[in-house]
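Visitor: Sequence first, predicted coordinates after that:
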Amino acid sequence: MRHFFRALKWILFTLLLIPVGGYLILLLINLQDSAPSAQASAFLEQVNAEETALSQHLENNPYLYAMGFDAPKDNDPMALGLERYQALRQLEAMQRPTQTAHEKFERPEWGIPTCLKQEDYLDECAPLFAEPETLKATLDDFAWLIERYSTLLSLGKWQDDTRFNMYSDLLPMQHLIAAQQLFLVDAYINGTDSASLITAINKDMQFWQQTAMQINMLGNKLLAISALKQHMKLGELLISQMRTEDEDTSLPSLWLAPIPGDVLALDRAKRGEWHFLTKMTQSFEAGEKADFTTKVIETLLMPLLQQQDTANRYADILSGKASIKQCPNDLSLSTLQEYAYNPMGKFILCSGISSFESYQATANKVESLRAELVTRLTAPAISAGMVTEANDEKPRDSSPE
C-alpha cells in the first residue's frame, strides 16, 4: 500500500508539473514584445496626424455637426457634436460610457421613407406626388430641418479621427437620411425649375462623396455609402417625376461620372480598425467588479499577449502582406510551436477580426448602382434618338408623278 501512495504522489506531482512547467516556458518565450514594424509605424503616424488635424479643426467641421445632427429643433448641432466628441475622447476603447438620455428631434412621419423601401418604388411613390399638398405640409413643418441640412452641406472639409468606443453611437444616420429626403423633395416641390433640383442633387452627391473619402471609421464609412445609395434612389424618383411633367430634365453631372476610387476605398477605415484593435488590446482588464477567478485568469493570460506584435500582424493583414489565418483545431507539435509566442494575440487575430472583402463589395456596389441608374434614365432618350436617326436614313418612297 505504501508503494501505491508513493506512485500516486509522483503521478499527481507530474500532472501538476507539466502544466506549470509549460506555462513557465511560455512566460520565458514571451518575456519581450516585438519592435514596431514599418507598416504599424506608418499606420500610427497617420492616426496621430488625423487626431492633430481634428484638434485644429473644431469649428465649421461637418463631422462634429453631423455627430450632433439629431439635436432638438432649438439646439445647436455643432455644440452637441463637440460635446459628444469630447466625451468620446475620455473613454477607452472598451470602456462603458455613463448612460445618459439624449433628447432627439422626431423624424417626419410621411410616405416617402415607406415607399422608397418598396422594390417598385417609382410606382409606389408616384401617388404621393399626384397630390402634393401633404408633402408641402411636411416640408413647411420641417423647414428648420431642411435649413439645418443645407448648413451641413455648406460646411468645409470633413475631418474626423480614429477614436472609437465599442459602446458609443456612430453618426445619427436615420436623422441625417430623414433630412436628406426633405432637402431633395423640397428642391423638387418648391424649386423654381428642374435646374434647382439638379443643383440640389449635385450638392448632396458631392457632400457624401467627399465625406466618404475622408472618413476614418469603418462604421461611419458604411453609413456614408448608405447615404449615397439613398441619394440615388430618391434622386431617380424625383427626376422621373419631373420628366412626367414634360420637362426636359438633364441628369446631374456627378451621376454621369464614375464614382472616384477614393470614395469607395477602405484604406482609411482599415487604419481606423487597426487603431481600435491596438487600443482594445491595451485596455484589456477585468475591472474592479470582476470576481476572483476572472482576475486570476487575467493575471495568467495577459503576459501571453504581446500588444505590439499583435499590432504588427494586424497591420500586415490590413495592408495585404499577410492573410487571416484560421484558428487551430488541434494541439499538434507544429501548432504548439507556432502559437508559443504571443498566443493570445494570435488567437485574437484568428477569431476576433473579419475580412474586409464583404465591406469592399458593399462599397463597390454603389458604382454599379450609379451606372444602372444612368442607363435607366438615359435609355428612353437614346432609343428615341436611334429611332429618329433610323427614320432619317430610311429611303423615301418616290412620289407619284
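Guide: Thanks, I have the structure now. Here the structure is a predicted model, which is why all the values come from computation and not from measurement.

Visitor: Need the per-residue pLDDT for Val374.
Guide: pLDDT recorded at Val374 is 95.

Visitor: The nearest residue to Thr310 once chain neighbours are set aside: how many residues sit nearby?
Guide: Distance criterion CB to CB, 6 or more residues apart in numbering; nearest residue to Thr310, sequence neighbours excluded, is Gly345 at 3.3 Å. C-beta: built from backbone N, CA, C; applies to glycine. Neighbour count of Gly345, defined by other CB atoms under 10 Å: 26.

Visitor: quick one: contacts for Gly345?
Guide: Residues in contact with Gly345, defined by CB atoms under 8 Å, 6 or more residues apart in numbering, are 281, 305-307, 309-310, 313.

Visitor: One more: Ile198?
Guide: Contacts of Ile198 (CB under 8 Å, 6+ apart): 249-252.

Visitor: Show the buried residues in these.
Guide: By neighbour count, with 16 or more other CB atoms under 10 Å, the contacts of Ile198 hold 249, 251-252 as buried.

Visitor: about what we covered before: from the contacts of Ile198, which is closest to Gln209?
Guide: Pro252 (11.8 Å; CB to CB).

Visitor: What's the separation between that closest one and Phe284?
Guide: Distance from Pro252 to Phe284, counting by CB to CB, to the nearest Å: 49 Å.

Visitor: Tell me which two in the contacts of Gly345 are the farthest apart.
Guide: Leu305 and Arg313 (12.2 Å).

Visitor: Name the residue in these two with the higher neighbour count.
Guide: Per other CB under 10 Å, whichever of Leu305 and Arg313 has more neighbours is Arg313, with 23 against 20.

Visitor: Next, count neighbours for the nearest residue to that one once chain neighbours are set aside.
Guide: Distance criterion CB to CB, 6+ apart; nearest residue to Arg313, sequence neighbours excluded, is Leu349 at 5.8 Å. Using other CB under 10 Å, Leu349 has 19 other residues around it.

Visitor: right, and Leu349 touches Ala311 too?
Guide: No. If you go by CB atoms under 8 Å, Leu349 and Ala311 don't touch, sitting 10.2 Å apart.

Visitor: that older thread, model confidence score at the residue nearest to Thr310, please.
Guide: 92.

Visitor: What's the separation between it and Ala227?
Guide: 36 Å.

Visitor: ditto for Pro260
Guide: As judged by CB to CB, Pro260 and Ala227 stand 16 Å apart.

Visitor: between the two, which one's more packed in?
Guide: Remark: of Pro260 and Ala227, Ala227 carries more neighbours, 22 against 13, as counted by other CB under 10 Å.

Visitor: mind listing what that one touches?
Guide: Ala227 neighbours (CB under 8 Å, 6+ apart): 173, 176-177, 180, 208, 211.

Visitor: Go through the contacts of Ile198 and name the one nearest Leu318.
Guide: Nearest to Leu318 among those: Pro252, at 34.5 Å, using CB to CB.

Visitor: ok, Asn165 touching Gln95?
Guide: Yes. At 6.7 Å, Asn165 counts as touching Gln95 under the criterion of CB under 8 Å.

Visitor: between these two, who's got more neighbours?
Guide: Neighbour comparison, Asn165 and Gln95: the larger count goes to Asn165, with 19 against 13 (by other CB under 10 Å).

Visitor: Assign a three-state SS to that one, would you?
Guide: Assigned state for Asn165: coil (three-state reduction, DSSP: H, G, I helix; E, B strand; the rest coil).

Visitor: what's the spacing between it and Thr335?
Guide: Look at Asn165 and Thr335: by CB to CB, they are 35 Å apart.

Visitor: for Tyr85, same thing?
Guide: 44 Å.

Visitor: These two - which one has more neighbours?
Guide: Shown here are Tyr85 and Thr335; by other CB under 10 Å, Tyr85 has more neighbours (19 against 13).

Visitor: so the more buried one sits right up against Ala66, yeah?
Guide: No. Proximity of Tyr85 to Ala66 does not meet the contact threshold set by CB under 8 Å, at 10.8 Å.

Visitor: give me the low-pLDDT residue ranges for the stretch 301-401 of the chain?
Guide: 380-401 (pLDDT under 70).

Visitor: And the strands in it, which stretches?
Guide: With strands called from DSSP state E, counting those that start in this stretch, the stretch 301-401 of the chain shows none.

Visitor: all helices for it, in order.
Guide: Assigned helices in the stretch 301-401 of the chain, in chain order: 307-318, 333-338, 343-351, 357-393 (criterion: DSSP state H, counting those that start in this stretch).

Visitor: Same question for the stretch 151-300 of the chain.
Guide: Counting by DSSP H, counting those that start in this stretch, the helices of the stretch 151-300 of the chain are 173-189, 194-214, 218-244, 253-256, 261-264, 267-282, 292-301.

Visitor: Between these, pick out the one with the smallest average pLDDT, please.
Guide: helix 292-301 - the lowest mean pLDDT of the helices of the stretch 151-300 of the chain, at a mean of 78.

Visitor: Can I get that one in PDB, CA atoms only?
Guide: Extracted C-alpha coordinates of helix 292-301, given in PDB (Å, rounded to 0.1, in the frame of the first residue of the first chain):
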ATOM      1  CA  PHE A 292     -11.600  36.500  -8.000                       C
ATOM      2  CA  THR A 293     -11.500  33.700 -10.600                       C
ATOM      3  CA  THR A 294     -11.700  36.200 -13.500                       C
ATOM      4  CA  LYS A 295      -8.800  38.300 -12.000                       C
ATOM      5  CA  VAL A 296      -6.700  35.200 -11.600                       C
ATOM      6  CA  ILE A 297      -7.300  34.200 -15.300                       C
ATOM      7  CA  GLU A 298      -6.400  37.700 -16.400                       C
ATOM      8  CA  THR A 299      -3.200  37.600 -14.400                       C
ATOM      9  CA  LEU A 300      -2.200  34.300 -16.000                       C
ATOM     10  CA  LEU A 301      -3.100  35.200 -19.600                       C
END
